[in-house]
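> Model the following, please.
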Amino acid sequence: MPEMPDLNAILEMAQNAQAELQKAQDKLDTIEVEGAAGGGLVKVRASAKGRIIAVTIDDSLLQPSEKTMVEDLVAAALNDARGKADQAAAVEMQKMQASLPLPPGFQMPM
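Have a look, this model is predicted:
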């Protein structure tokens with residue numbers, strides 16, 4: 001039976017894991033994704049943490065008769081960006097978790 005690490009070693013591993021998690025969280029705000037809708041007529045740039053950076057709307061949509069469509073496209077582009085941000089965040093968190101010396105079967109709360 002393998003020897004259990006002592007309490008100090010476990011606490012040190014937990015502190016290291018917490019520090020790595022914080023670094024990964026900070027990095028997520030520097031990773032950018034772009035969501036689009038309407039064939040690129042509406043674009044949303046966001047961080048992998050979900051912060052909206054910019055919204056771009058093609059000039060051709062800026063007519064009062066297109067108001068409802070523009071609103072729908074903005075919502076769709078936001079959802080597209082959010083999905084890509086979640087995916088980028090999952091990849092980064094997986095990288096971070098893989099780099100930690102965690103006991104077998106231990107899962108980070110994410």
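
> Show me the shaky parts of this protein.
1-5, 100-110 (pLDDT under 70).

> remind me, longest helix of it?
helix 67-98 (DSSP state H).

> Thr56 and Val33: what is the separation?
Thr56 sits 14 Å away from Val33, going by Cβ to Cβ, to the nearest Å. To be clear about C-beta, it is placed using only N, CA and C from the backbone, and glycine gets the same treatment.

> hmm, back to that, list the buried residues of the longest helix of the chain.
70, 73-74, 76-78, 80-82, 84-85, 88-89, 92-93, 96-97 (16 or more other Cβ atoms under 10 Å).

> ok, and the closest non-adjacent residue to Leu41?
Asp58 (4.3 Å; Cβ to Cβ, 6 or more residues apart in numbering).

> and that neighbour, what is it in contact with?
Each residue near Asp58 by Cβ atoms under 8 Å, 6 or more residues apart in numbering is listed here: 38, 40-42.

> can you check Ser47 too?
Ser47 neighbours (Cβ under 8 Å, 6+ apart): 28-33, 53, 85.
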